[in-house]
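Engineer: What follows is a predicted protein model with its sequence.
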Amino acid sequence: MDDRSDNELVKASCQGDRTAYAVLVRRHYNQTFLICLGVLGHVHDAEDAAQDAMIKGFESVRQLRTGSQYGAWVRAIARNLSVNLLRKRKMTERALGAEESLRRRESRPPQDDLRQAVARLPWDLRLPLVMYYFDGQNVKTVAEKLEISTSGVYQKLKAAIKELHEMLTTQGDMP
Amino acid sequence: MNGPCPTMQDRIAEYVLGALDGEQAEALRQHLGECSGCRQYLESLQQQSESLVELGRQIDGGMTARQDRVIEALQGVAPAERVFPFFGGFVKTAVAAVLLLGAGITIGRWTAPRPVDVERLRSDLEASLAESIQPAVQKNVLAQVDQRLQAEAQQRTELARQTYQDLYKLAERSVAGTESLERLMNGRFAELVEIIEAGRETDRWRVEKALLEMKTQTGLGLRDVAVRVSNAARVHD
């Protein structure tokens, strides 16, 4: 385990030190990935977006003014990349048409119901849900990271779990 | 199963999230003891929450492998440039600006045929300006003079007609014979017309002469006139 601070690791990364940046990746990847998963809803898409964000972070780490802000900075990159990817995906889905989309939903295995239901939530509900349930963050931390009030987080979580329940019970399968 | 009470769904979701205070939670528990539909809804949401946590654990299981893939992908990426994080952009921009400026000056000196003679350029421009503006202004002034003379000529024609009638009446009283009277009147009237035309030509000649004198004596004055006419026309438009 590397004891160096984020600030020190960022300075070393600015000199092209890949080993130092690898420590930053180990330290901040999980939350970056969960942000991507919260926005995109699919694990493979989230993996791609998180990797892109981390690499973009390495390429532009010299733009970071305060090394201790690396975690928030790379998560912001990840979130922007994911939102852009989501927009493109929605455009593609619209181009494919609702019929194809329905066919895909009907052909999925039943054990993926919860995962698929999470993926079908609106991303502004999914993101706090993923942070709260998948990452185990408390409501206050989620609120700080999303820069909304705690009551706002409760509202979104409440709406998310009710909507998930609605989707799953309408299909006749409970998780 | 009976569905949950519509008014209690929000409260049950808040209970699952731990958002209710003690009093609210106790009130809900009392209701749950009496309502099987709400009880089943609560159990369903709690089971769903557990499934979500489990799903999170499954996804979290692959994190190390994902991190390894990112670190492996980093090997093919060019490292960040060796600059100070804070001043990097500024220094780079400043250096680039100085280099570009220096290169521009050097190339300019090499390629320029000779230094620019500002006084000569100014005099050339003035001459060119005067040549292009003066004829137009002169033509414009003369056209205005023509218009004014035309208007005056109409007034003079009317005056001449009246004069002709007056003369005719006078001659009618003093001279006998229609034919001689006619001849006399035509002669007098022709003289009158000549006088008017001569006056008109003289007026026009005087204006032309004045313009010529102004041009030869004070070329600057004419240019001022041109500029004023041009400005006035622009304001008018």
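Structural biologist: Yes, it's here. Residues are numbered from 1 along each chain as shown, chains lettered A, B, ... in the order given.
Engineer: ranges for the strands of chain B?
Structural biologist: Here chain B has no strands by DSSP state E.
Engineer: packing partners for the longest helix belonging to chain A?
Structural biologist: Ranked by residue count and defined by DSSP state H, the top helix of chain A is helix A:70-96. If you count contacts as 3 or more Cβ pairs under 8 Å, 6 or more residues apart in numbering or on different chains; DSSP states H and E, helix A:70-96 packs onto helix A:6-14, helix A:18-40, helix A:43-59. Heads up, the C-betas are built off the backbone N, CA and C, glycines and all.
Engineer: How about the second one and chain B, touching?
Structural biologist: Yes: part of helix A:18-40 sits near chain B under the criterion Cβ under 8 Å from any Cβ of the partner chain, namely A:18, A:21-22, A:25-26, A:29-30, A:33, A:37.
Engineer: For those, pick the one with the most neighbours.
Structural biologist: residue A:33 (30 neighbours; other Cβ atoms under 10 Å in any protein chain shown).
Engineer: residues touching that residue, list them.
Structural biologist: Contact partners of residue A:33, counting by Cβ atoms under 8 Å, 6 or more residues apart in numbering or on different chains, are A:46-47, A:50, A:78, B:63, B:66.
Engineer: And the chain, what are its domain boundaries?
Structural biologist: You didn't say which chain, so I picked chain A. By the assignment in automatic domain parsing, chain A contains the domains A:1-96, A:108-175.
Engineer: nope, chain B please
Structural biologist: Segmentation of chain B into domains, based on automatic domain parsing, reads B:6-74, B:122-236.
Engineer: okay, these, which one's buried deepest?
Structural biologist: Stretch with highest mean neighbour count among the domains of chain B: domain B:6-74 (a mean of 15; mean count of other Cβ atoms under 10 Å in any protein chain shown).
Engineer: Next one: it, is it in contact with chain A?
Structural biologist: Yes: using Cβ under 8 Å from any Cβ, domain B:6-74 reaches chain A at B:9-10, B:13-14, B:16-17, B:19, B:41, B:44-45, B:47-49, B:51-53, B:55-56, B:59-60, B:62-63, B:66-67, B:69-71, B:73-74.
Engineer: Looking at that domain now, give me its mean pLDDT.
Structural biologist: Domain B:6-74 comes out with an average pLDDT of 93.
Engineer: In the contacts of residue A:33, find the pair that's most separated.
Structural biologist: The span of the contacts of residue A:33, defined through Cβ to Cβ, is set by A:78 and B:63 at 14.6 Å.
Engineer: before we move on, the earlier item: reformat the domains of chain A into CSV and put distance to residue B:170 and mean pLDDT next to each item.
Structural biologist: As requested, those are exported to CSV (distance: least, Cβ to Cβ, whole Å; pLDDT from 0 to 100):
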stretch, distance to residue B:170, mean pLDDT
domain A:1-96, 102, 91
domain A:108-175, 108, 86
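Engineer: Just tell me which of the ones you listed ends up closest to residue B:140.
Structural biologist: Among these, domain A:1-96 comes nearest to residue B:140, with 63.4 Å by Cβ to Cβ.
Engineer: Now distance to residue B:153 too, for the helices and strands packed on helix A:70-96, in JSON lines please.
Structural biologist: Below are the helices and strands packed on helix A:70-96 laid out as JSON lines (distance: least, Cβ to Cβ, whole Å):
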{"stretch": "helix A:6-14", "distance to residue B:153": "91"}
{"stretch": "helix A:18-40", "distance to residue B:153": "88"}
{"stretch": "helix A:43-59", "distance to residue B:153": "86"}
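Engineer: deepest of those helices, which one?
Structural biologist: Mean neighbour count (mean count of other Cβ under 10 Å) peaks for helix A:18-40 among the helices and strands packed on helix A:70-96, with a mean of 23.
Engineer: Using PDB, write down the CA coordinates of it.
Structural biologist: C-alpha atoms of helix A:18-40 as PDB (Å, rounded to 0.1, in the frame of the first residue of the first chain):
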ATOM      1  CA  ARG A  18       2.700   5.700 -14.400                       C
ATOM      2  CA  THR A  19       3.300   3.800 -11.200                       C
ATOM      3  CA  ALA A  20       2.100   6.800  -9.100                       C
ATOM      4  CA  TYR A  21      -0.900   7.200 -11.300                       C
ATOM      5  CA  ALA A  22      -1.700   3.500 -10.900                       C
ATOM      6  CA  VAL A  23      -1.900   4.000  -7.200                       C
ATOM      7  CA  LEU A  24      -4.500   6.800  -7.800                       C
ATOM      8  CA  VAL A  25      -6.400   4.400 -10.000                       C
ATOM      9  CA  ARG A  26      -6.500   1.800  -7.300                       C
ATOM     10  CA  ARG A  27      -7.600   4.400  -4.800                       C
ATOM     11  CA  HIS A  28     -10.400   6.100  -6.800                       C
ATOM     12  CA  TYR A  29     -11.500   3.600  -9.500                       C
ATOM     13  CA  ASN A  30     -14.400   2.100  -7.500                       C
ATOM     14  CA  GLN A  31     -16.300   5.300  -6.900                       C
ATOM     15  CA  THR A  32     -15.600   6.500 -10.400                       C
ATOM     16  CA  PHE A  33     -17.000   3.200 -11.800                       C
ATOM     17  CA  LEU A  34     -20.100   3.500  -9.700                       C
ATOM     18  CA  ILE A  35     -20.700   7.000 -10.900                       C
ATOM     19  CA  CYS A  36     -20.600   5.600 -14.500                       C
ATOM     20  CA  LEU A  37     -22.800   2.700 -13.500                       C
ATOM     21  CA  GLY A  38     -25.300   5.100 -11.800                       C
ATOM     22  CA  VAL A  39     -25.600   7.200 -15.000                       C
ATOM     23  CA  LEU A  40     -25.400   4.400 -17.600                       C
END
